[in-house]
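Novice: Output the structure for:
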Amino acid sequence: MTKNNSFYEFNIPIRQFVTKRLVGINKNSTIQEAAKKMDDLNVGSLVVLENKKIVGFFTVSDILRKVVAKGKKPDILVEKIMISSLITADINSSVRDSLEIMAKNNIKHLLIKKNEEIIGILTYKDLMDIDRHNLETFISR
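Specialist: Predicted coordinates for the structure are as follows:
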């Protein structure tokens, strides 16, 4: 599949690729509780909640870089290592614009907003799965 046939070339809205199932955890939960939840639900990230409001974001990479690599114990609170500066894109953004945001901020998970409310997440994996599907469709012709 050439670059010109890839969906990355188009200004396709991300709305069709967004995962709308956000999984949350309380900011006062421990890293161990967060890791277990992520493992149980087979997800790579969690939104961090305080009084049912999203106040942060947390990924497997955060556990590796901020806890394991630094020799910290898993009983520290999620709020101590969560990302509190949330990087978002609007549900009507294009795939290209969303990828640019992700690359510029060196992130693999992008929170998606609709009317200023976070409603979902877009990941590199979501986009790779779609591109893989496009390639399989192209090959099967």
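
Novice: Now do the strands in this structure.
Specialist: Secondary structure of the chain (DSSP state E): strands located at 24-26, 45-50, 53-59, 88-90, 109-114, 117-123.

Novice: Minimum distance to Glu33: which of these has it?
Specialist: Nearest of these to Glu33, taken as C-beta to C-beta: strand 24-26 at 7.0 Å. Bear in mind the C-beta positions are built from the backbone N, C-alpha and C, glycine included.

Novice: what helices or strands is the closest one leaning on?
Specialist: Contact here means 3 or more C-beta pairs under 8 Å, 6 or more residues apart in numbering; DSSP states H and E; on that basis strand 24-26 packs against helix 31-41, strand 45-50.

Novice: okay if I get the strands of the chain as a markdown table plus mean neighbour count?
Specialist: As requested, those are exported to a markdown table (neighbours: other C-beta atoms under 10 Å):
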| stretch | mean neighbour count |
| --- | --- |
| strand 24-26 | 17 |
| strand 45-50 | 20 |
| strand 53-59 | 19 |
| strand 88-90 | 17 |
| strand 109-114 | 20 |
| strand 117-123 | 18 |
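
Novice: Would you work out how far apart the start and end of stretch 64-75 are?
Specialist: End-to-end distance for stretch 64-75, by C-alpha to C-alpha, to the nearest Å: 14 Å.

Novice: Look up the residues forming beta bridges with the residue nearest the centre of the chain.
Specialist: By C-alpha atoms, centre = their mean, the chain has its centre lying nearest to His109, at 2.5 Å. Note on His109: beta-bridge partners by DSSP bridges are Thr123.

Novice: pLDDT at it, what is it?
Specialist: Listed pLDDT for His109 reads 94.
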